[in-house]
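Undergrad: Structure, please.
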Amino acid sequence: MEIRPITPTYAVSPQIDPSDLPAIKAAGYTTVIDNRPDGEIPPHLHTAVMQQAAAALGLTFVANPVIGGAMTMANVTAQQAAIDTASGPVFAYCASGNRSSVVWALSQAGRMPVDDLVGLPARHGYQLDHLRPQIAALAGDQG
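TA: Just a heads-up that it's a prediction; the model follows:
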């Protein structure tokens, strides 16, 4: 597992295993967001298994499956709600960390400059330049 901090309070990672959760908790994360649909992964990594393992450690677990190439506004608002209600730093994972970065950037539109929403994930190899117009539009929609 490789924790890739986007901000001091939000990190992403490629797919994790239940055995990674103690290290995530030890690193100070209080909420884990699963951005991966069960249909992409083997049963031992499915949402129910991960949720049970996280709950056993006292971690808040949020399932927000994002289908590659088919992210919805419901995904964006669910990610935002999970971040906003977290009692501490948030750790999100998917196949590579890219979807967790994209849904974060969209969920934070209007809260941070577009350059930061694109540039912070880029430090970890996540290229979000193509989302600039969408982030800017969302920021305008939020007033």
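
Undergrad: Let me know whether residue 102 touches residue 127 as I believe.
TA: No. Counting by C-beta atoms under 8 Å, residue 102 stays clear of residue 127, with 10.1 Å between them. Using the backbone N, CA and C atoms, a C-beta is placed for each residue, glycine as well.

Undergrad: which of the two has more neighbours?
TA: Each of residue 102 and residue 127 has its neighbours counted (other C-beta atoms under 10 Å); residue 102 has more, 27 against 11.

Undergrad: what residues are up against the more buried one?
TA: Shown in contact with residue 102 (C-beta atoms under 8 Å, 6 or more residues apart in numbering): 66, 71, 126, 128, 131.

Undergrad: Give me the mean pLDDT for whichever strand or helix holds it.
TA: Here residue 102, judged by DSSP states H and E, is contained in helix 98-107. Model confidence over helix 98-107 averages 97 on the pLDDT scale.

Undergrad: how distant is that helix from the center of its chain?
TA: In terms of C-alpha atoms, centre = their mean, to the nearest Å, the centre of helix 98-107 is set 6 Å apart from its chain centre.

Undergrad: Make 38 the first number, not 1, from now on.
TA: Happy to do that; since the first residue is 38 now, the last one works out to helix 135-144.

Undergrad: Kindly format the C-alpha coordinates of it as PDB.
TA: What follows is helix 135-144, C-alpha atoms only, in PDB (Å, rounded to 0.1, in the frame of the first residue of the first chain):
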ATOM      1  CA  ASN A 135      -6.900   8.200 -10.000                       C
ATOM      2  CA  ARG A 136     -10.700   8.000  -9.600                       C
ATOM      3  CA  SER A 137     -10.300   9.000  -5.900                       C
ATOM      4  CA  SER A 138      -8.300  12.000  -7.100                       C
ATOM      5  CA  VAL A 139     -10.800  13.000  -9.800                       C
ATOM      6  CA  VAL A 140     -13.900  12.700  -7.500                       C
ATOM      7  CA  TRP A 141     -12.000  14.700  -4.800                       C
ATOM      8  CA  ALA A 142     -11.100  17.500  -7.200                       C
ATOM      9  CA  LEU A 143     -14.700  17.800  -8.500                       C
ATOM     10  CA  SER A 144     -16.100  17.600  -5.000                       C
END
